[in-house]
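fold the following, please.
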Amino acid sequence: METKNSASAIVRQPGEGARRWFFGGGVQTWKATEEDTAGAFLLFEDEMELNKVTPLHTHPDSDETMYILCGEILMNMDGTEHRVAAGGVTIAPRGVPHAFKVTQEGTRVLCLHTPGGAQAFYFGASEPLAAGEASGVVDFGRIRESGRLNGGIELLGPPPFPED
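Predicted coordinates:
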């Protein structure tokens, strides 16, 4: 990817930004891309369905901050579980194993990666949504393949949560 020397000025209103279906489950609305910020960070809102769960993973080259806008997640951070409700935040520094499970309907988080190098992973593990589309197929094979091809994530194992 070609980088710019300076970031773009950005103003995005509620609901604005490219919408993508993430194959792990959830609709991402991209607020700032790696290109917008000259690689400094990427930022997207993620609307997730109840019981969405992620495998145990790390981000080797970026720190991941998740601010819970509404709803609740159960976060496993480096082997310890934490319930995090609206207004709470999680910060997984690069290389720290983590996973989460959505525990409330209507959960939305704001996800920030610093620096923005994980964008290729997210774009490879998602597809654009047309206006009016709200979901797609969950496909963890596509997530693994995007991580293999694009980096940005290292999958360590299955979700560390008991099955319902």
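
just the helices in this structure please.
119-124, 140-150 (DSSP state H).

would you turn those into CSV with mean neighbour count and mean pLDDT?
(Glycine included, C-beta is placed from N, CA and C.) Conversion of the helices of the chain to CSV gives the following (neighbours: other CB atoms under 10 Å; pLDDT from 0 to 100):
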stretch, mean neighbour count, mean pLDDT
helix 119-124, 21, 96
helix 140-150, 16, 93
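
neighbours around the nearest residue to E64 once chain neighbours are set aside, how many?
Spatial nearest neighbour of E64, excluding adjacent residues (CB to CB, 6 or more residues apart in numbering): A92 at 4.6 Å. As a burial measure, A92 scores 22 neighbours (other CB atoms under 10 Å).

what does the pLDDT read for A92?
A92 carries a pLDDT value of 97.

how close does S8 get to T33?
In this view, S8 and T33 are 9 Å apart by CB to CB, to the nearest Å.

A32 bridge partners, please.
Here A32 sits in beta bridges with L43, going by DSSP bridges.

one more: T107?
Beta-bridge partners for T107, by DSSP bridges, are M48.

okay, now it: neighbour count?
There are 23 residues near T107, going by other CB under 10 Å.
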